[in-house]
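Chemist: predicted coordinates and the sequence they were generated for:
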Amino acid sequence: MTKEEQPKIERRSVESLVPYSNNARTHSDAQVAQIAASIKEFGWTNPILVDGDNGIIAGHGRLMAARMIGLEQVPCIELAHLSDAQRRAYILADNKLAENAGWDKDLLKVELEGLADEDVDLTLTGFDADELRDIMVPDLGGDGEGGERAEPNATVQYNIVFDDTDQQEVWFKFLRSLKVEYPDTDTIAERLVLHIQDHGDG
């Protein structure tokens, strides 16, 4: 495809778009709400892909989110040049190729901690409360002896369950305060261990 043939982004009516009846990708209400929150926060960053008849190739979840927040039009790119087989294959590939990527857990933790320090709502990243807890709160070390601080050797694991987003925000504010209290530490585990040792008796 030459530069002159590059597809253009067009705004089309939400009601004119037709979901693919055999779309194997599912979208829970919670995930659609996450997409809607992302659109509200960041704007529409990823156009819906359609065929020559307004049939959706990629973007079913985005369309559902658009309907959830009451949008009348959405950005679209038409891929009318695809054959029927290519269209059906790309519907699967668009979802599966993203799943095949991985995460650098250490860098992910650093990024999330940095965003938390800047008071960013971490649920906008798409990670839920349980996932954020598992990433940002590793196993914690046990008590030291003779009043000495214990090394964070990850011998005890704590599970933190949030009832709502308010509780989650309180927790992340606490983590930010620990970073201020113990600026020479590198991990949340170290800060929590030191905080418990320093303040455990009230």
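Modeler: Okay, I see it.
Chemist: okay, now the domains of the chain?
Modeler: 3-99, 105-199 (automatic domain parsing).
Chemist: so can I have a markdown table of these showing mean pLDDT?
Modeler: Output for the domains of the chain, formatted as a markdown table (pLDDT from 0 to 100):
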| stretch | mean pLDDT |
| --- | --- |
| domain 3-99 | 93 |
| domain 105-199 | 74 |
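Chemist: where exactly do the strands run in this protein?
Modeler: Assignment of strands within the chain using DSSP state E yields the ranges 9-13, 48-50, 56-58, 73-78.
Chemist: in its sheet, what does the longest one sit against?
Modeler: This means strand 73-78. Strand pairing for strand 73-78, using DSSP bridges, gives strand 9-13 (antiparallel), strand 48-50 (parallel).
Chemist: tell me the contacts of the spatially most central residue of the chain?
Modeler: In the chain, the residue lying closest to the centroid (C-alpha atoms, centre = their mean) is Gly126, at 1.9 Å. Contacts for Gly126 (C-beta atoms under 8 Å, 6 or more residues apart in numbering) come out as Gln34, Ser38. Every C-beta, even on glycine, is put in place using the N, C-alpha and C of the backbone.
Chemist: can you give me the helices in the chain?
Modeler: Taking DSSP state H to define them, one finds helices in the chain at 29-42, 60-68, 84-99, 105-117, 129-136, 165-181, 188-199.
Chemist: list the buried residues for the third one?
Modeler: This points to helix 84-99. Using 16 or more other C-beta atoms under 10 Å as the test for burial, helix 84-99 gives Arg87, Tyr90, Ile91.
Chemist: which among these gets closest to Ala101?
Modeler: Distance to Ala101, by C-beta to C-beta, is smallest for Tyr90 among these, at 17.4 Å.
Chemist: measure the closest one to Ile56 for me?
Modeler: Separation of Tyr90 from Ile56 (C-beta to C-beta, to the nearest Å) stands at 11 Å.
Chemist: what is in contact with those two at once?
Modeler: Common contact partners of Tyr90 and Ile56 (C-beta under 8 Å, 6+ apart): Leu49.
Chemist: any idea how far Ala85 is from the closest residue to Gly61 other than its chain neighbours?
Modeler: Using C-beta to C-beta, 6 or more residues apart in numbering and skipping the chain neighbours, the partner closest in space to Gly61 is His27 (4.4 Å). From His27 across to Ala85, the span is 25 Å (C-beta to C-beta).
Chemist: Arg62 is in contact with Pro19, correct?
Modeler: No: here Pro19 does not reach Arg62: they are 11.2 Å apart, not a contact under C-beta atoms under 8 Å.
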